[in-house]
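Colleague: Show me the folded form of this:
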Amino acid sequence: MVKTKLFMHRTDGFTLIEVLIAMSIVALLLAIALPQYFGSIAKSKDVVLQENLRVARVVIDKYYGDKGKYPKTLDELVHERYLRSLPIDPITDSTNSWILIQNTDAENPGIVDIKSGAPGVNSNGISYSSM
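Modeller: Next up is the predicted model:
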């Protein structure tokens, strides 16, 4: 029996159906994974913000304990080596968006607290400015 070109099959490569099925599986996996990925990024920024605020508040308290006065600026904390560098607000990606709370006592002026200047709320529904 002689085989003609009409009945010869190629066995190397993929068929169109196989490629479409593989692409649909990849698309399905991406549709499942991407929302969780972006949600985890937002949650991690919230955690970094809380940690930066906690560290800045502890450093302000340590500065007051050592010097008996509050720092006038955040740069003073860096200059006096209480911080290596200004903390970055991860929501705004800036060191200039911090809201500095000044002491109400006129005899001892300076920064007593720090808050985020980012607009909006975190993943728990708490506004960034009230953290």
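
Colleague: Quick one: the helices in this structure, in order.
Modeller: Using DSSP state H, the helices of the chain run over 16-67, 74-79.

Colleague: tell me the most buried of those helices?
Modeller: Sort the helices of the chain by mean neighbour count, taking mean count of other C-beta atoms under 10 Å, and helix 74-79 sits at the top with a mean of 16. Heads up, the C-betas are built off the backbone N, CA and C, glycines and all.

Colleague: for the record, mean pLDDT for that one?
Modeller: In this model, helix 74-79 carries a mean pLDDT of 95.

Colleague: other SSEs contacting that helix?
Modeller: Helix 74-79 sits against helix 16-67, with contacts defined as 3 or more C-beta pairs under 8 Å, 6 or more residues apart in numbering; DSSP states H and E.

Colleague: Kindly format the C-alpha coordinates of stretch 59-72 as CSV.
Modeller: Extracted C-alpha coordinates of stretch 59-72, given in CSV (Å, rounded to 0.1, in the frame of the first residue of the first chain):
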residue,chain,number,x,y,z
VAL,A,59,11.7,58.3,67.9
ILE,A,60,9.9,61.6,68.8
ASP,A,61,9.4,60.3,72.3
LYS,A,62,13.1,59.2,72.6
TYR,A,63,14.2,62.6,71.3
TYR,A,64,12.0,64.3,74.0
GLY,A,65,13.4,62.0,76.7
ASP,A,66,17.0,62.7,75.7
LYS,A,67,16.8,66.5,75.0
GLY,A,68,13.8,67.6,77.1
LYS,A,69,12.2,69.3,74.1
TYR,A,70,10.4,68.2,71.0
PRO,A,71,12.0,68.4,67.5
LYS,A,72,11.0,71.4,65.4
